[in-house]
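Participant: need coordinates for the following:
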Amino acid sequence: MDWIRRLTVKEAMIEMRRLWREREAAIDDSDYEELERLNLILSAVSSRIADLGGDVG
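Facilitator: Here you go, the predicted structure:
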C-alpha cells in the first residue's frame, strides 16, 4: 500500500470518504472479505492522516 504513503491530508480525507461508502456497500451486500480488506485500508489511511497531523475524528 505504498500509494497511501504518498497521500496528502486532503487526499487522504477524500479517500476516507470514498472508502467509507465502499464499506457501507460491502456491509449491505454481506461481503465480509471485501469488508475486511476495506477495514485494513481505512486503518492505514487513518494512520497516514494522523502521521501528517490531520484530524481523523
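Participant: how far off centre is stretch 15-30?
Facilitator: Offset of stretch 15-30 from its chain centre (C-alpha atoms, centre = their mean, to the nearest Å): 10 Å.
Participant: same thing with stretch 39-57?
Facilitator: Centre-to-centre, stretch 39-57 and its host chain are 7 Å apart (C-alpha atoms, centre = their mean).
Participant: what ranges does the protein have for its helices?
Facilitator: Under the criterion DSSP state H, helices of the chain are mapped to 2-5, 9-28, 32-51.
Participant: for the last one, buried residues please.
Facilitator: By neighbour count on 16 or more other C-beta atoms under 10 Å, the buried set for helix 32-51 is 35, 38, 41-42, 44-46, 48-49. Quick note: C-beta positions are derived from backbone N, CA and C, even for glycine.
Participant: tell me the pLDDT of the spatially most central residue of the chain.
Facilitator: Central residue of the chain (C-alpha atoms, centre = their mean): residue 42, 2.7 Å from the mean position. Per-residue confidence (pLDDT) for residue 42: 96.
Participant: do residue 54 as well
Facilitator: pLDDT for residue 54: 78.
Participant: may I have the residues that are in contact with it?
Facilitator: 9, 12-13 (C-beta atoms under 8 Å, 6 or more residues apart in numbering).
Participant: top of those by number of neighbours, please.
Facilitator: When neighbours are taken as other C-beta atoms under 10 Å, the top entry among the contacts of residue 54 is residue 12 (22 neighbours).
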